[in-house]
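Undergrad: Sequence first, predicted model second:
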Amino acid sequence: HETVPDYDAPPCDLVFIDGGHEVHEATADIENFAKRSSKHALVVMDDLCEEATYCKGPRQAWEAAVERGAITQLDCQTGM
């Protein structure tokens, strides 16, 4: 919770979030990276699946960010 807010560098154009699995942790990850990202950054987040219980928090945080307009979801790929 301290590393990203204290990171002093140019804004990121690509963000990959693979963090906490509780909704408050995943929300903090999204909010912290939003502060460090360029306006049109590409954000990729791990553990957004629907089947596994450990995906519930990240998925809820992602969906809330999409709903409030913090993230524009382009497409969702599931499985391989």
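TA: Sure, I can see it.

Undergrad: from the chain's centre, how far out does the longest helix anywhere in the chain sit?
TA: In the chain, assigned by DSSP state H, the helix with the most residues is helix 23-36. Distance of helix 23-36 from the chain centroid (Cα atoms, centre = their mean, to the nearest Å) equals 6 Å.

Undergrad: name the helices or strands packed onto it?
TA: Packing partners of helix 23-36 (3 or more Cβ pairs under 8 Å, 6 or more residues apart in numbering; DSSP states H and E): helix 3-6, strand 12-17, strand 37-45, helix 56-67. Backbone N, C-alpha and C define where each C-beta goes, glycine included.

Undergrad: can you do 7 Å?
TA: Packing contacts for helix 23-36, counted by 3 or more Cβ pairs under 7 Å, 6 or more residues apart in numbering; DSSP states H and E, involve helix 3-6, strand 12-17, helix 56-67.

Undergrad: Go ahead and flag the most central residue of the chain.
TA: I30 (4.1 Å; Cα atoms, centre = their mean).

Undergrad: just checking, that residue touches V66?
TA: No: here I30 lies out of contact with V66, judged by Cβ atoms under 7 Å, at a distance of 10.1 Å.

Undergrad: Give me the phi and psi angles of the nearest residue to D46 once chain neighbours are set aside.
TA: With sequence-adjacent residues excluded and distances taken as Cβ to Cβ, 6 or more residues apart in numbering, D46 is closest to D18, at 4.1 Å. Backbone torsions of D18, given as degrees, to the nearest 10, read phi -140, psi 80.

Undergrad: try E22
TA: Dihedral angles for E22 - degrees, to the nearest 10 - are phi -80, psi 150.

Undergrad: Alright, calling it a day.
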